[in-house]
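Asker: Provided below are the primary sequence and the corresponding predicted coordinates.
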Amino acid sequence: MTSTLERSLPKPTFTDAEAGAKEFPDSNARTFNYYTPQKRKPSHYEDVTVEVQPDPRHYLSQGWLYGFSDGRGGYPLEWTALKAWGSDRPVPVRGPGSGGKGYDWPALGWHEFRDPNEEWELSLYRYNSNVVRQLTQNVEAARQSKAFEQWNRNWINFVERHVGAWMHVDHGLGLYVFANANRRAPTNMHNNAISVNSMHRIRSAQDLALYNLTLSEEIADFDGSAHLATWSDDPAWQGVRRTAEALTAIDDWCEAIFATNVIFEPLIGELFRSHLIQQAAPGNGDFVTPTVVGAEEYDFAERDLRYTKAMFELLTADREFADHNKSILQSWLADWVPRCLLAARTFQPLWSQPDAKPPRFEDGLDRAKTRFSRIVSDLGLTITAEELNK
Amino acid sequence: MSRQSMAKAHQKIQELSWEPMYHQPVSQYGTDYTFQKAKKKDPLKQVLRSYFPMQEEKDHRVYGASDGAIRGNMFRQVQERWLEWQKLFLSIIPLPEISAARAMPLLFRNVPNPELHNGQAIQMIDEVRHSTIQQNLKRLYMQNYIDPAGFNSSLRDFQNDYCGTIGRQFAEGFITGDAITAASIYLTIVAETAFTNTLFVAMPAEAAANGDYLLPTVFHSVQSDESRHISNGYATLLMALSDENNHQLLERDLRYAWWNNHRVVDAAIGTFIEYGTKDRRKDRESYAEMWRRWIYDDYYRSYLVPLEKYGLVIPHDLIEEAWNQIWNKGYVHEVAQFFATGWLANYWRIDPMTDKDFEWFEYKYPGWYDRYGKWWENYNRLSVANGHNPIVFEDVDYQYPHRCWTCMVPCLVREDMVMDEVDGQVRTYCHEACRWTDKVAFRPTYQGRETPNMGQLIGSREWETLYHGWNWADVVSDMGFVRDDGNTLVAQPHLNLDPKKMWTLDHLRRCPPLASPNVLLNEMTPEERTAFHSNYVRGGPAGRYAPAEV
């Protein structure tokens, strides 16, 4: 006969600790009560996002605990020149016997921002997984159907150089504009939206790089490294490169987001993607590249621009600082629009390179300007035809 | 994923990074470390084409389990003792997670190797995942657990409460001060590599033993990302070590980061695991045993010690001292006792210990009953309002402790308390290592070397100061720790939800006013302070007053 030692296991116990088992004060208080939802009921997104990043103006009675070498802690409002209502009120001073209360929630207009995309982990992974899965299938289907064999030599050159070079724009902006800015904004809602924007750009960069790798494997003589020389040396790209680098050098986080998503992207990004690649590819026998580039176009047009507009609309309509904000935003327009238009114009030689030509550069640029003007006016700002045609 | 191998795909994305030709990216965070530009490999080797579907699949598992827990009535089996402590834990942890996301840009300009930046960006979005998935778990508890109070007010509570303030170091330390000290040494080298083991592996095991399998589901999913982050930290550490000028700073930062993590994480997680469980099997590991395995053996001996040959000066003395605190000086027990003493300033309920608990503690920590048993019997006796005041005001031989200016955990191991005048204020510290952190490490010079980028300890670091002279009912109202009848406290020193047994503001109204130990200390003459200090350090264990001198 053999004997076995009894295994040591925790014993389940029925505790009846489920909701509704008893009535007592708070027994039915099953919503977060420390913030005011934007609509009648709190959204799932709000519940997992709002107030995770604290603010000593409403709660945080002991204040920030760690500071930089200059003694500033947390998320200083001065990291942007823009202001939301309440910004000029001092942080409540707490000391012996002061109590802990600050201003009533939200205390600052910044906390009223909600990402219309309602991005949190569930949404961002679901969305981006769908994108990469679909792209992988598109490229794989094209490979199996020998779709790349239809490409003429000139188009192959164009894709290896110019479509390839855009990956560097995505990568640089994803890391050094958007990921960088995720440390700078005063609320969790801003910083999470910005970090998701960052991942869109970094994913798009990788989408293009891996597409480039597939093409290297599928097309004889496809130069998978041509994009590097184009990015570094091609004069047509240096205006874009110079502007993209300048965006990464901006200190003010609002200016960085505004200049990139409100100005650079409509005038350069969409000009390149929607008015060059998407238009030229079909005529050159390429139905695959538009699906890769189109994914990024959708990221921007339907998601990243959407949160950006919501963010700046709040500031241009701010009950205390609307004029202040508009004036600064106008100065940013005055600074960045000429730079972006100059960069766009240096791009012009690309339009003549494919065998089957896309619509004229000027037509594409006009459409880009029209869309840009609409975005600007939606934000309550102005841009004149003269400024756009300088 | 297409036919391309991951290795080729990863190799390809190395082509993405570029050196600026026209404008340098903005430099917003300083460091006193120096890094040499050298070709490096991305330690994460993560390609987003596989990363996003992998994370989505992990999400499916987590949310599937959440759904299953609700359908299967998990909350009929959850121990309230355990879930109550989650009100504290889950109020703290989303902020450190999101702060880790915010910390990544601190490294971009200071670690000049673009190959590493890809990994840092992926860590950023991992941390967004962690923060929101943990908020979601808390939301689920709020909606389905018997007592939502404290979950429903979670983030206001956390931000206003002294326990939350202790926990906030584990977030703010990542995002301010010297960029490398914060985002590399404190965050990845110590917090993530050493202490997430107890946070995200040891604690979930205890949750499961208490009928809660959602916490393990969420936190093991989180922990599966941490290993990548550890690689990020390791790559940066090796780069820092390659420059001898950094060794002095590395020694300073490891001492600070190690000791602060020990003080903060061991206080909290040790208490949750030892005092939040109903599982008293003698063969289940105690926190001390887990610590020995996860931190001493796995982190210290297997990870840190091998780095010595690269010139890293390891704080062997502080690692042994942390163990000494946990094993010989009852650090976790002292903290749990303090949390229970100050239950009225909390936002969760603390279950009294029973004979079964006493037996387990005595078995695991010989001598425990002699130190703490009597006090916990008093806690039990005084838990239901019956004409007496909360235990903190009753005669149970417990001296309310001074608070440590640095780690903000009170000075509970009385013999170790240090007093010093710093920045024109007399401060108390729980240990010499915390005094050193404030007075020596967080300063613009260190051992004669200029350290202009080192951060500062700021804020109202003693919670009691804010409420000096206040009536306790007003204190609790001010913090917002009151239930929806406007009178019953969120916190209770027992688990009985019968409204007649619950403490209210009316009970607190009759208590003595709150007095700030630090305010009182600064009102003393130097001679009085010296006498006070020599008396304080003769007190304890278990908060006992010093015996009368003969």
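Answerer: That came in fine, so what should we check first?
Asker: for chain B, what's its nearest residue on the stretch 251-390 of chain A.
Answerer: A:Asp251 (5.1 Å; C-beta to the nearest C-beta). Where you see a C-beta, it was placed from the backbone N, CA and C, and this is true even at glycine.
Asker: what's the distance between that residue and B:Gln248?
Answerer: 31 Å (C-beta to C-beta, to the nearest Å).
Asker: give me the more crowded residue out of the two.
Answerer: B:Gln248 (16 against 13; other C-beta atoms under 10 Å in any protein chain shown).
Asker: ok, that one touching B:Arg449?
Answerer: Yes - B:Gln248 lies in contact with B:Arg449 (C-beta atoms under 8 Å); the separation is 6.6 Å.
Asker: got a list of what B:Ser91 touches?
Answerer: Contacts for B:Ser91 (C-beta atoms under 8 Å, 6 or more residues apart in numbering or on different chains) come out as B:Lys138, B:Gly150, B:Ser154, B:Leu155, B:Asp157, B:Phe158, B:Gly164, B:Gly167, B:Tyr347.
Asker: low-confidence regions, the stretch 1-150 of chain B specifically.
Answerer: Along the stretch 1-150 of chain B, segments meeting pLDDT under 70 span B:1-4.
Asker: need the helices for it, in chain order.
Answerer: Along the stretch 1-150 of chain B, the segments classed as helices by DSSP state H, counting those that start in this stretch run B:6-13, B:48-71, B:80-92, B:94-103, B:105-108, B:114-144.
Asker: of the ones you listed, which is nearest B:Pro366?
Answerer: For those, proximity to B:Pro366 was assessed by C-beta to C-beta; helix B:80-92 is nearest, at 23.8 Å.
Asker: which parts of that closest one are buried?
Answerer: Within helix B:80-92, the residues scored as buried using 16 or more other C-beta atoms under 10 Å in any protein chain shown are B:80-92.
Asker: cool, stretch A:110-127 as well?
Answerer: For stretch A:110-127, by 16+ other C-beta under 10 Å, it's A:110-111, A:113-115, A:117-125, A:127.
Asker: from those residues, which two are the most distant?
Answerer: A:Trp110 and A:Tyr125 (26.8 Å).
Asker: quick check: B:His533 touching B:Met417?
Answerer: Yes - applying C-beta under 8 Å, one finds B:His533 in contact with B:Met417, separated by 7.2 Å.
Asker: out of these two, which sits in the more crowded spot?
Answerer: Of the pair B:His533 and B:Met417, B:Met417 is the one with more neighbours under other C-beta under 10 Å, namely 24 against 18.
Asker: and the residue nearest to the more buried one when sequence neighbours are not counted, what is it in contact with?
Answerer: Computed as C-beta to C-beta, 6 or more residues apart in numbering or on different chains, the closest residue to B:Met417 that is not its neighbour in sequence is B:Cys411, at 4.0 Å. B:Cys411 makes contact with B:Pro401, B:His402, B:Arg403, B:Cys404, B:Met417, B:Thr428, B:Tyr429, B:Cys430, B:Tyr536, according to C-beta under 8 Å, 6+ apart.
Asker: next, give phi and psi for B:Cys411.
Answerer: The phi/psi pair for B:Cys411 (degrees, to the nearest 10) reads phi -80, psi 80.
Asker: check the gap between it and chain A for me.
Answerer: 18 Å (C-beta to the nearest C-beta, to the nearest Å).
Asker: so which of the buried residues of stretch A:110-127 is the closest to A:Gly100?
Answerer: Distances from A:Gly100 to those, taken as C-beta to C-beta, are shortest for A:His111 (18.4 Å).
Asker: so where do the strands sit in the stretch 351-500 of chain B?
Answerer: Under the criterion DSSP state E, counting those that start in this stretch, strands of the stretch 351-500 of chain B are mapped to B:418-422, B:425-429, B:445-446, B:449-450, B:456-457.
Asker: of all these, which lies closest to chain A?
Answerer: Across the strands of the stretch 351-500 of chain B (criterion: C-beta to the nearest C-beta), the nearest stretch is strand B:456-457, sitting at 4.4 Å.
Asker: can you give the strand pairings for the closest one, parallel or anti for each?
Answerer: If you go by DSSP bridges, strand B:456-457 pairs up with strand A:66-67 (antiparallel).
Asker: so what's the residue count around the closest residue to B:Arg228 other than its chain neighbours?
Answerer: Once flanking residues are discounted, B:Arg228 sits nearest to B:Leu44: 5.2 Å by C-beta to C-beta, 6+ apart. Here the number of neighbours of B:Leu44 (other C-beta under 10 Å) works out to 23.
Asker: quick one: low-confidence parts of the chain?
Answerer: Using chain A here. The model of chain A has pLDDT under 70 over residues A:1-3.
Asker: try again with chain B
Answerer: In chain B (pLDDT under 70), the answer is B:1-4.
Asker: follow-up on the earlier one: so the residue of the stretch 251-390 of chain A closest to chain B makes contact with B:Pro25?
Answerer: No - the criterion here is C-beta under 8 Å, and A:Asp251 misses it with B:Pro25 at 10.5 Å.
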